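J.: give me a 3D structure for the following:
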Amino acid sequence: MAFQQGLSGLAASSKALDVIGNNVANASTVGFKAANAHFADVYANALNGGGAMQVGIGTSLAAVVQQFTQGNITTTNNPLDISINGNGFFRMSQNGAITYTRNGQFHLDNSNYIVNDQGYKLTGYLADATGNIAATTPQEIQISATDLAPVATGASTGTGFKGVQAVVNLDSRSLVPSTAWAPTVSPGPTNGLATVSATSYTYSTPAQIYDSLGNSHTMTYYFRQTATPGQWQVYANVDGTQFSNVDLGAGAGNPITLNFDTNGKLTTAMPITGVSVNLAGITADLTAAGVNKPNGATTPLVFGLDFTGTTQYGSTSGTNTVTSDGYSSGRLVGLSVGADGIVQGRYSNGQARNLAQVVMANFQNPNGLTSLGNNQWAQTSASGQPAIGTPNTGSMGVLQSNSIEESNVDLTGELVAMITQQRNYQANAQTIKTQDSIMNTLVNLR
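T.: Next comes the predicted model:
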């Protein structure tokens, strides 16, 4: 029986060395999970059950169990390198076959799918045309290469203000302009560019607006102090054309009035709705002035105007902020992935848009998964059904872009375990050698 015990010990140590060797070989494999060899003792079956004098007949390999502990996170320069910090797996698709992985080394293929090195496609929830993401059936994530459509000023979606917002300070020490407000038009009074004498207004500030085709226009506001204390008139034109192309709410070409109290606070009700810009008139004026700037955008361009926060203090006139909604078209220039798995596109016009959200899967028994190689696992009956969810919800971990999860192999521990198994192998070989020596003694008895 000692031969059988020794042989089983040799086999067990050999298997343990196989597991250790595989761990060591994958010490630099991203997302790899180290395994431990589990063993069980072996006893011969007896009809009358076990007894106090029962002696085992060796050992056997009971299981090879992977350790799904967290690996170290290392930063990279690739925004599509994604690490998982916590529980869960990436859900991958290969021609519809679903696998799972902890290796987050991703890139775009020639069809703009997010894939790993083996060409498996990352899955998630896709965004609609406006960037909204709804939890539906996970799909393969394909990044749209379509340009981001322009949005006209005043036509943006969401809850923010739709139009131009400006906060300025108008110097209360300013004198009434010495020249009457009378813009001159060149080349003629019917069409052309409008110029204003610097002595006919007190302060001016520009704002950027966009038409329905994404063309950028400069809208300039002219502030003119009146003879009434605390009262200012505001005129505006676009792209240097005639003021009659702009209606600030008091009629085309007419000024609106801003009133301030004795503390310099604005008392005029804000915002102003229905600001209208005649794009056709602007095009005609530019054409007459010899500026080739065709425009087929929707006209008039209508939006709001808000001077809330504007003051009249005894300090130099200046612009604190000028913002407007709307933007030109944009081309995709970069991607980022948030901790919640949202893949966001960055565009050349400075905008960002949600494109998709990475989903994760978790299992009641990860050790029930079967290893497929290439850092992939597949579901089995032992693992149970996957729980699908988004990062940082439920039992799912969080994602970190520009990083990878290293192998969780502890090389120091593996080398010590290797020495231990080498000693075990030697000891089991020694039991066989000793049993052989005893057998030789018995055989040689006379």
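
J.: hmm, who's touching stretch 28-37?
T.: When contacts are defined by Cβ atoms under 8 Å, 6 or more residues apart in numbering, stretch 28-37 is touched by residues 12, 15-16, 18-19, 22-23, 26, 61, 63-69, 71, 101-105, 375, 404-410, 414. Where you see a C-beta, it was placed from the backbone N, CA and C, and this is true even at glycine.

J.: hmm, try it at 7 Å
T.: Contacts with stretch 28-37, where a contact means Cβ atoms under 7 Å, 6 or more residues apart in numbering, come from 15-16, 19, 22-23, 26, 61, 64-68, 101-105, 375, 404-409.

J.: from the opening residue of that stretch to its closing one, how far?
T.: End-to-end distance of stretch 28-37: 20 Å, with Cα to Cα, to the nearest Å as the criterion.

J.: same question for stretch 317-337.
T.: End-to-end distance (Cα to Cα), stretch 317-337: 43 Å.

J.: per-domain residue ranges of the chain.
T.: 2-69+408-443, 73-148+331-405, 163-324 (automatic domain parsing).

J.: just the endpoints, please. Distance across the second one?
T.: Domain 73-148+331-405 has its terminal residues 5 Å apart, counting by Cα to Cα.

J.: pLDDT of it, averaged?
T.: Taken as a whole, domain 73-148+331-405 has a mean pLDDT of 94.

J.: buried residues in the longest helix belonging to the chain?
T.: Ranked by residue count and defined by DSSP state H, the top helix of the chain is helix 411-443. The neighbour-count criterion (16 or more other Cβ atoms under 10 Å) identifies 414, 417, 418, 421, 424, 425, 428, 431, 432, 435 as the buried residues of helix 411-443.

J.: the fourth one reaches residue 16, doesn't it?
T.: Yes - because the distance of 4.6 Å satisfies Cβ atoms under 7 Å, residue 421 is recorded as touching residue 16.

J.: so the residue nearest the centre of the chain bridges to which residues?
T.: In the chain, the residue lying closest to the centroid (Cα atoms, centre = their mean) is residue 337, at 2.6 Å. Residue 337 forms beta bridges with residue 343, as assigned by DSSP bridges.

J.: can you pull the contacts of it?
T.: 79, 82, 343, 358, 399, 401.

J.: do residue 182 as well
T.: Neighbour list for residue 182: residue 200 [criterion: Cβ under 7 Å, 6+ apart].

J.: number of residues surrounding the residue lying closest to residue 136 once chain neighbours are set aside?
T.: For residue 136, ignoring the flanking residues on the chain, the nearest one in space by Cβ to Cβ, 6 or more residues apart in numbering is residue 125 at 6.2 Å. Neighbour count of residue 125, defined by other Cβ atoms under 10 Å: 21.

J.: so what's residue 125 up against?
T.: So residue 125 contacts 133, 134, 135, 136, 138, 356, 357, 359 (Cβ under 7 Å, 6+ apart).

J.: wait, is it part of a strand?
T.: Yes - judged by DSSP: H, G, I helix; E, B strand; the rest coil, residue 125 forms part of a strand.

J.: report the separation between it and residue 390.
T.: Separation of residue 125 from residue 390 (Cβ to Cβ, to the nearest Å): 8 Å.

J.: skip the chain neighbours and tell me the closest residue to residue 338.
T.: Nearest to residue 338 is residue 344, by Cβ to Cβ, 6+ apart, at 6.8 Å.

J.: for residue 258, same thing?
T.: residue 232 (4.6 Å).

J.: for the one you found, phi and psi?
T.: Residue 232 adopts backbone torsions of phi -130, psi 150, taken as degrees, to the nearest 10.

J.: is it true that it touches residue 221?
T.: No - between residue 232 and residue 221 there is no contact under Cβ under 7 Å: 10.7 Å.

J.: which stretches in the stretch 101-250 of the chain count as strands?
T.: Along the stretch 101-250 of the chain, counting by DSSP state E, counting those that start in this stretch, strands occupy 107-108, 114-115, 121-126, 139-140, 163-169, 184-187, 192-195, 203-210, 216-225, 231-238, 246-247.

J.: quick check: which of the ones you listed is buried the most?
T.: Mean neighbour count, computed with mean count of other Cβ atoms under 10 Å, is highest for strand 114-115 among these, reaching a mean of 24.

J.: packing partners for it?
T.: Contacts defined by 3 or more Cβ pairs under 7 Å, 6 or more residues apart in numbering; DSSP states H and E place strand 114-115 against strand 121-126.

J.: dump the strand it packs on to CSV, restricted to CA.
T.: C-alpha atoms of strand 121-126 as CSV (Å, rounded to 0.1, in the frame of the first residue of the first chain):
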residue,chain,number,x,y,z
LYS,A,121,-16.8,42.7,-28.9
LEU,A,122,-17.6,44.5,-25.6
THR,A,123,-21.4,44.7,-24.9
GLY,A,124,-23.5,47.4,-23.3
TYR,A,125,-26.5,49.7,-23.6
LEU,A,126,-26.5,52.0,-26.6
